[in-house]
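In: here's my sequence, what's the structure:
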Amino acid sequence: MTVTTLSGRELNQDLGRAKRATRNGPVIITDRGRPAHVLLSFDEYRRLTGKMRTLGDMLAAPGAEDVDLTLPEHTERAQPVDLS
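Out: Okay, the predicted model is just below:
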């Protein structure tokens, strides 16, 4: 993985270069010489956050069949409703 560092000015002048650099790793964007932001590819962001988009994505993920999902017992019961 290659970490690329660009100043805010360089980012503004060549956004395409920054986007291409995310293919090889994170891009650190500096503000007045100090790291201020990190630009990642969306795939890398999803990998780092571990978040899936939908329940279907989670159920289709490798290893999902090995997850033991224990649900609490239902203690509430439905009551009849008077609609008159």
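In: what about residue 78, distance to residue 71?
Out: Counting by C-beta to C-beta, to the nearest Å, the separation of residue 78 from residue 71 is 18 Å. Bear in mind the C-beta positions are built from the backbone N, C-alpha and C, glycine included.
In: do you know how far the residue nearest the centre of the chain is from residue 40?
Out: Centroid check for the chain by C-alpha atoms, centre = their mean gives residue 46 as the closest residue, at 3.3 Å. In this view, residue 46 and residue 40 are 9 Å apart by C-beta to C-beta.
In: what of residue 18?
Out: Taking C-beta to C-beta, one finds residue 18 at 11 Å from residue 40.
In: just residue 84 next, same as before
Out: To residue 40, residue 84 is 60 Å away according to C-beta to C-beta.
In: in three-state terms, label the residue nearest to the centre of the chain for me.
Out: Under DSSP: H, G, I helix; E, B strand; the rest coil, the three-state class of residue 46 is helix.
In: local confidence estimate at it?
Out: Note on residue 46: pLDDT of 81.
In: do residue 51 as well
Out: We note a pLDDT of 67 for residue 51 in this prediction.
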